[in-house]
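*Asks:* Next input, structure requested:
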Amino acid sequence: MVITKLALPRRTFLRGMGATLALPFLDAMVPAMSARAAGTPRFTAVYVGNGANMFDWTPPTEGVNFELSPTLKPLESFRDRMLVFTGLDNYPATDQGDTGGQHPRAAPAFMSSVHPKQTEGADVKAGTTVDQLIAEKICRDSKLSSLEVAVDRNDVVGACDHGYACAYMNSMSWKTPTMPLPAETNPRFVFERLFGTGDTPEEREARAQEDRSILDGLSQEISKLSAKLGGHDRVKLGEYFDAIRDVEQRIAKSESYNSDFEVPERPVGLPETFREYAELMFDLQVLAFRADITRVTSFMMARENIQRSYNEIGLPEAHHSMSHHGNNPEKMKAFSKLNMYHTDTLSYYLDKLQSIQDGDGTLLDSTVVLYGKGMSDGNTHNNYSVPVVVLGGPENGLQGNRHLVYPQGTPLANLSVSLLEKFGVNVEQFGDSTGQLPMLSDV
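*Replies:* As a prediction, the model looks like this:
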C-alpha cells in the first residue's frame, strides 16, 4: 500500500522557460492507501523492410514451448510474452496488376491491409493503419495522438520506385487512407516534439554548446515538487530526469560529430552507427510512454529498399542488396546475421520497457509490441507468410511462449482485427480480413 504526502492528477506538468515537462506515473497519482491494479494500455509497432531469410526466421517447431529459430534467439528472455506467427499473408502488398512496386507497397499494407494506389503524385491512397485506430481509442487525452520515428532519411520526394510516390516508402502509419504520417528521423526534433523548447534554433544550439538541459529551466519547480513527495516518488522522479538528461547528452554528442568528415546520405548530427541511432530512438519512445505523452508509437527501424551498410558488425554490403542473395549460402548467412542483429536491437527496447516500473507492473506489462516485415523472402519479393511477432503481457490478454501456424491464405489483416479487439476497437472489416485469428489468446 502507498501513503503519499499529496495527491497529483495523472496528467501533471512542470512548466518553465521554454519547456513543458510531463511527469511519469507516481505513487502520488493514486488515491492514498491504494495501488493501481492495471497499467495504461500502450501499443508500439516496429517495422524492418526487405524481408528475411525465412529458413533462419521460422521456428522449427510449433505450439507451446516451441524451439526458437536462430533469428529469434535474441528474444529468448521474452519468450513467455512472445507469439510468433507463421502463415499470415500480406496479400494487399502483391502487385495485383501493377508494374513492380513491391517495396513501396509492403510497408503501407503491413498495418492497413489495403492495396496502395500506384501513383507518383500527391494523390496517394492506402488505408488507415491499425496503430492509428488504436490511437483514436486510447490517446484521446494524450498530448500526442501518436509518435512516428525512423532511422533512415525520408526527405526524398516525388517518385521512388516503379511509379509509386516516396510517401509510400516513408510511411508505415496512415491516419486516414489519404494521409500518411512521415516518420521523424532527427532525434533532436523528436525530443523537442515531446518536451518542447519554445526558443529559437539559435538558442537551442547555444544551450547544446553549453551542455545545458531543458531541466535547468525547471529547477525551482522540481525542487518544490520533490519536497512534497514521498521517498519512493523522489527516487522515481530522479531516475526519470536522469533518463531525460542521458538522451539529451546522446543527442548533443551526435550533433557534435565532425562536420568536416563527409558521410554520404547521412546528415551531420545523427548517430554514427545504426545501433546507437536505433537505441536513441527507442529511448525517446520509452520517455514518451513513461511521461504518458502518447500511448502509441511506430518505428521504421529499416525502410524498404534501404541501402544502409552495417560495417559495425562486419556487413559492408547494403541491406537491400543482401536481401537479393540469389540463394547463395554465404550471402544467405550474411543476411541472417543482419536479421538477427535487428531482433537483438529490438531486445534492447524490450529490456528498457521491462526495467521501468509503471503502477503495479512495468511498462512492458501494459504494452503490446508488434514486430514484423511486409514481405517474407526479400530475394523474390514474396508477401506470403510474412515474418510477424507480437509481444505482450497478461494485462493484454495474450498468452505467450507459442508459435502459431495458420493455414495457407490466412490474411495478416486477421491479426490486426484481433489486436484491435484487445484495445476495445471493434471492426466488422479491416482490409482483406475474414475474421479474428483463432488461438491468439488461448493457453
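
*Asks:* chain center to the lengthiest helix in the chain, what's the gap?
*Replies:* Scanning the chain for the longest helix, with DSSP state H as the assignment, gives helix 329-355. Helix 329-355 sits 14 Å away from the centroid of its parent chain (Cα atoms, centre = their mean, to the nearest Å).

*Asks:* quick one: the strands in the stretch 251-400 of the chain?
*Replies:* Applying DSSP state E, counting those that start in this stretch to the stretch 251-400 of the chain gives strands spanning 296-302, 357-358, 361-362, 367-372, 388-391.

*Asks:* tell me the mean pLDDT over the following helix or strand past the last one?
*Replies:* Put plainly, it is strand 388-391. Next helix or strand after strand 388-391 toward the C-terminus (DSSP states H and E): strand 402-411. Here strand 402-411 scores 96 as its mean pLDDT.

*Asks:* For strand 402-411, which helices and strands make contact with it?
*Replies:* strand 63-64, strand 82-89 (3 or more Cβ pairs under 8 Å, 6 or more residues apart in numbering; DSSP states H and E). For every residue, glycine as well, the C-beta is placed using N, CA and C.

*Asks:* on that earlier part again, looking at the strands of the stretch 251-400 of the chain, which is buried most?
*Replies:* Among those, strand 296-302 has the highest mean neighbour count (mean count of other Cβ atoms under 10 Å), at a mean of 26.

*Asks:* what's the angle from it to helix 329-355?
*Replies:* Strand 296-302 and helix 329-355 are oriented at 150 degrees to each other (axes from the mean of the first three to the mean of the last three Cα atoms, to 10 degrees).

*Asks:* Show me what strand 296-302 is packed up against.
*Replies:* Looks like strand 296-302 contacts strand 42-48, helix 130-138, strand 147-150, helix 274-290, helix 329-355 (3+ Cβ pairs under 8 Å, 6+ apart).

*Asks:* tally of neighbours for F195?
*Replies:* Here the count is done by other Cβ atoms under 10 Å, and F195 has 22 residues near it.

*Asks:* wait, it sits on F241?
*Replies:* No. Between F195 and F241 there is no contact under Cβ atoms under 8 Å: 11.5 Å.

*Asks:* Any idea which of the helices and strands packed on strand 296-302 gets closest to S309?
*Replies:* Closest approach to S309 among these (Cβ to Cβ): helix 274-290, 9.0 Å.

*Asks:* Show the low-confidence segments of this protein, by residue range.
*Replies:* Residues of the chain meeting the criterion pLDDT under 70: 1-20, 25, 28-39, 154-160, 197-212, 214, 217, 253-269, 441-443.

*Asks:* can you give me the helices for it?
*Replies:* Ranges of helices in the chain, per DSSP H, are 54-57, 102-112, 130-138, 166-170, 187-195, 201-209, 219-228, 231-255, 274-290, 319-323, 329-355, 413-422.

*Asks:* Quick one: list the elements packing against the longest helix of the chain.
*Replies:* If you count contacts as 3+ Cβ pairs under 8 Å, 6+ apart, helix 329-355 packs onto strand 42-48, helix 54-57, helix 274-290, strand 296-302, helix 319-323, strand 361-362, strand 367-372.

*Asks:* In it, which residues have enough neighbours to count as buried?
*Replies:* Buried residues in helix 329-355, counted by 16 or more other Cβ atoms under 10 Å: 331-332, 334-343, 345-347, 349-350, 352-354.

*Asks:* Go through the helices and strands packed on strand 402-411 and pick out the most buried.
*Replies:* Highest mean neighbour count among the helices and strands packed on strand 402-411 (mean count of other Cβ under 10 Å): strand 82-89, with a mean of 22.

*Asks:* For it, which helices and strands make contact with it?
*Replies:* On a contact count with 3+ Cβ pairs under 8 Å, 6+ apart, strand 82-89 meets strand 388-391, strand 402-411, helix 413-422.

*Asks:* could you dump the ones you listed to CSV with distance to A227?
*Replies:* Output for the helices and strands packed on strand 82-89, formatted as CSV (distance: least, Cβ to Cβ, whole Å):
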stretch, distance to A227
strand 388-391, 39
strand 402-411, 49
helix 413-422, 41
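
*Asks:* which one of those lies closest to T185?
*Replies:* The nearest among the helices and strands packed on strand 82-89, by Cβ to Cβ, is strand 388-391 at 24.1 Å.

*Asks:* Now do that closest one: everything it contacts.
*Replies:* Outside of strand 388-391, the residues within contact range by Cβ atoms under 8 Å, 6 or more residues apart in numbering are 72, 75, 78, 81-85, 88, 350, 364, 368-373, 398, 400, 412, 415, 419.

*Asks:* Report the strands that pair with that strand, each with its relative direction.
*Replies:* Applying DSSP bridges, strand 388-391 is found paired with strand 82-89 (antiparallel), strand 367-372 (antiparallel).

*Asks:* Among the ones you listed, single out whichever gets nearest to D246.
*Replies:* strand 367-372 (20.8 Å).

*Asks:* got the angle between that closest one and helix 413-422?
*Replies:* Using the same axes, to 10 degrees: strand 367-372 against helix 413-422 is 170 degrees.

*Asks:* hmm, back to that, out of the helices of the chain, which gets nearest to M300?
*Replies:* Among the helices of the chain, the nearest to M300 by Cβ to Cβ is helix 102-112 (7.1 Å).

*Asks:* Could you list every helix and strand that the closest one packs against?
*Replies:* Applying 3+ Cβ pairs under 8 Å, 6+ apart, one finds that helix 102-112 contacts strand 42-48, helix 130-138, strand 159-161, strand 164-165, helix 166-170, strand 174-176.

*Asks:* how about these in JSON lines, adding distance to A318 and mean neighbour count?
*Replies:* JSON lines is the format used below for the helices and strands packed on helix 102-112 (distance: least, Cβ to Cβ, whole Å; neighbours: other Cβ atoms under 10 Å):
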{"stretch": "strand 42-48", "distance to A318": "15", "mean neighbour count": "25"}
{"stretch": "helix 130-138", "distance to A318": "28", "mean neighbour count": "22"}
{"stretch": "strand 159-161", "distance to A318": "15", "mean neighbour count": "17"}
{"stretch": "strand 164-165", "distance to A318": "20", "mean neighbour count": "24"}
{"stretch": "helix 166-170", "distance to A318": "15", "mean neighbour count": "25"}
{"stretch": "strand 174-176", "distance to A318": "27", "mean neighbour count": "19"}
